[in-house]
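# Quick one, structure for this:
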Amino acid sequence: MTSAIAAIIQNGLAFDVKNWGSAMEFGDLLATVEFLFATLEDRQIEYLLVGGIAMLSYVEGRNTQDIDFILSKRALSDLSELVILEENRDFIRGNFGSLQVDVLLTQNKLFKLINQQYAVQKQFGDRTIRCVTVEGLIILKLYALPSLYRQGNFDRASLYENDITQLLLNYPTELEPIFKILQRHLLASDLEAIRETADELKLRIQRFQAQQQRLDKLSEDES
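Residues are numbered from 1 along each chain as shown. Got it, this is the predicted structure:
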């Protein structure tokens, strides 16, 4: 399990052009990832795996350079090895050895809800990890989009939109119940923005499926 996670992070770092030409030490990455999950387990720290690693447990083709969790402040206090670099009301970024770790805090009511109601036990090799569900991932990514739009962070917004598209393609999900959850945590204008985005993503999926069906039919006719 940890070797696969370490390989994903290593690849994400290696293919980031910002790191080209730098001395990159990956030798201890595997040991650091193993130590992180062993520490969480040994200290009985309740966590929820989210972000890119969780995404890759459902669909392929996603690079990431860090590990993302939902944690409570209390649980975080039991992880003293995490050196905090950035912190605000909802989010902490830190280093666990050579590994970047991003934490969504349960002080945010939506993150608390995801932690409580959108978790599943997934097997990663010989270790069982508490991982966010597909619905939980979609909620988190939709929730993040309005802020990314306002910041003009279109690279990350496009990445999140593609993640949502991939999840919906592989795991058809009714979005209306998700919007009802999000309306309690977003401004009305933000909710309207992500509804418009979701409509565009649905059209993209429909076009993809129509093209797939057309090509499948042509292949049958030619054979």
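
# Which parts of the protein are helices?
Assigned by DSSP state H, the helices in the chain fall at 2-14, 29-42, 51-56, 73-77, 109-117, 134-151, 154-170, 176-182, 188-222.

# Now render those helices as CSV, adding mean neighbour count and mean pLDDT.
No exception for glycine: its C-beta is placed from N, CA and C like everyone else's. Compiled in CSV, those are given as follows (neighbours: other C-beta atoms under 10 Å; pLDDT from 0 to 100):
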stretch, mean neighbour count, mean pLDDT
helix 2-14, 18, 54
helix 29-42, 17, 85
helix 51-56, 21, 86
helix 73-77, 14, 92
helix 109-117, 17, 97
helix 134-151, 19, 97
helix 154-170, 16, 93
helix 176-182, 14, 97
helix 188-222, 12, 88
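
# and these as a markdown table, adding distance to residue 94?
Converted to a markdown table, these look like this (distance: least, C-beta to C-beta, whole Å):
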| stretch | distance to residue 94 |
| --- | --- |
| helix 2-14 | 15 |
| helix 29-42 | 11 |
| helix 51-56 | 14 |
| helix 73-77 | 9 |
| helix 109-117 | 17 |
| helix 134-151 | 19 |
| helix 154-170 | 20 |
| helix 176-182 | 28 |
| helix 188-222 | 28 |
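
# among these, which is nearest residue 67?
The closest of the helices of the chain to residue 67 is helix 51-56. By C-beta to C-beta, the value is 5.9 Å.

# For the closest one, C-alpha coordinates in PDB please.
Listed next in PDB are the C-alpha coordinates belonging to helix 51-56 (Å, rounded to 0.1, in the frame of the first residue of the first chain):
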ATOM      1  CA  GLY A  51      -7.500  14.500  -2.200                       C
ATOM      2  CA  GLY A  52      -5.500  13.000  -5.000                       C
ATOM      3  CA  ILE A  53      -4.600   9.700  -3.400                       C
ATOM      4  CA  ALA A  54      -8.300   9.100  -2.600                       C
ATOM      5  CA  MET A  55      -9.200  10.100  -6.200                       C
ATOM      6  CA  LEU A  56      -6.700   7.600  -7.600                       C
END
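
# What is the burial count for the spatially closest residue to residue 84 that is not a sequence neighbour?
Nearest non-adjacent residue to residue 84, counting by C-beta to C-beta, 6 or more residues apart in numbering: residue 94, 4.5 Å away. Neighbours of residue 94 under the rule other C-beta atoms under 10 Å: 19.
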